[in-house]
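S.K.: structure here, sequence nowhere to be found:
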């Protein structure tokens, strides 16, 4: 199945998710891990399409999301850079583009190692709070911990 | 906002719905109305995009769906014929295309007046039962009524 860039943009406008995950991770020096991901969830009947999108980006992992839903998940930083490049060249048309731009900023920051110090993680966590996805209550807690830590 | 055909296909693969509605309608000679519609629902923050899709198809009505959701709804038969032509030239890539083909069949049948006699409505209702959308329990009831009427 051959996908065009415009189709991928339209489908992502509908089904894609740019997620900035932040997790407690005692083994990391800063104590927290920033884990952004690009994700598309579909009913398992359309898993072939997830494979086609994976081939399109030459990146990602197909896995069970929950129940009869599958997801394509892209987490590798070099892959996310490519994804960001793509959606900068081919902009989303929904307001999801606002979240995407924040996500892109975090990916750039991570390229500079900003996620490896406390102030950087706080800044990233604040960006995550401005997006439409994620567990905002949990992120608020993490920011409090980071500030008091 | 300018939309390309491929973007519209991708977005419809994610967010579009081809719905074959069948309703009791005592004022119609057959007693039932077949009311197919093409629908895209979005959060109201993206209502501008629904307007762009309406301009793309030169058809449809923008209305409140529920709560903070808006929808573009296309119901006019001549408009649905255009929509069907479009998605025949630019096929959907998800399994939604299976539903679309059944929907397209119903639109063709309606062009021949099949929805205006009892046997035709039964056939259309059976097609509706094969799709992933709609109230199947209600349609089963309507088929029973039509067969016994």
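M.R.: Noted; the coordinates are in hand. Predicted, not measured: the structure shown is a model, and the values here were computed from it.
S.K.: now do the helices in chain A.
M.R.: Applying DSSP state H to chain A gives helices spanning A:5-15, A:47-57, A:77-89, A:96-111, A:118-129, A:136-148.
S.K.: give me the residues contacting the fifth one.
M.R.: Read that as helix A:118-129. A:20, A:22, A:30, A:32, A:34, A:102, A:105-106, A:109, A:113-115, A:134, A:136, A:139-140, A:142-143, A:146-147, A:149 (CB atoms under 8 Å, 6 or more residues apart in numbering or on different chains). The way it works is simple: take the backbone N, C-alpha and C, and place the C-beta from them, glycine included.
S.K.: next, the contact list for the residue of chain A found nearest chain B, please.
M.R.: Of all residues in chain A, the one sitting closest to chain B is residue A:14 (2.1 Å; CB to the nearest CB). Applying CB under 8 Å, 6+ apart to residue A:14 gives the contacts A:94, B:10, B:11, B:13, B:14, B:15.
S.K.: just give the closest residue to the last one, not the sequence neighbours.
M.R.: Think residue B:15. Using CB to CB, 6 or more residues apart in numbering or on different chains and skipping the chain neighbours, the partner closest in space to residue B:15 is residue A:14 (4.2 Å).
S.K.: so that neighbour versus residue A:41, what's the distance?
M.R.: 11 Å (CB to CB, to the nearest Å).
S.K.: just to revisit the earlier point, looking at the helices of chain A, which is closest to residue B:56?
M.R.: Of all those, it is helix A:5-15 that lies closest to residue B:56, at 11.5 Å by CB to CB.
S.K.: now do the closest one: distance to the chain's middle.
M.R.: For helix A:5-15, the separation from the chain centroid amounts to 16 Å (computed by CA atoms, centre = their mean, to the nearest Å).
S.K.: residue A:51 contacts residue A:60, doesn't it?
M.R.: No - counting by CB atoms under 8 Å, residue A:51 stays clear of residue A:60, with 9.5 Å between them.
S.K.: residues near residue A:139, how many?
M.R.: 20 (other CB atoms under 10 Å in any protein chain shown).
S.K.: that one contacts residue A:22, doesn't it?
M.R.: Yes - assessed by CB under 8 Å, residue A:139 is found in contact with residue A:22 at 5.9 Å.
S.K.: chain B contacts on chain A?
M.R.: A:1, A:3-15, A:42-43, A:45-46, A:49, A:52, A:93-95 (CB under 8 Å from any CB of the partner chain).
S.K.: understood, closing this out.
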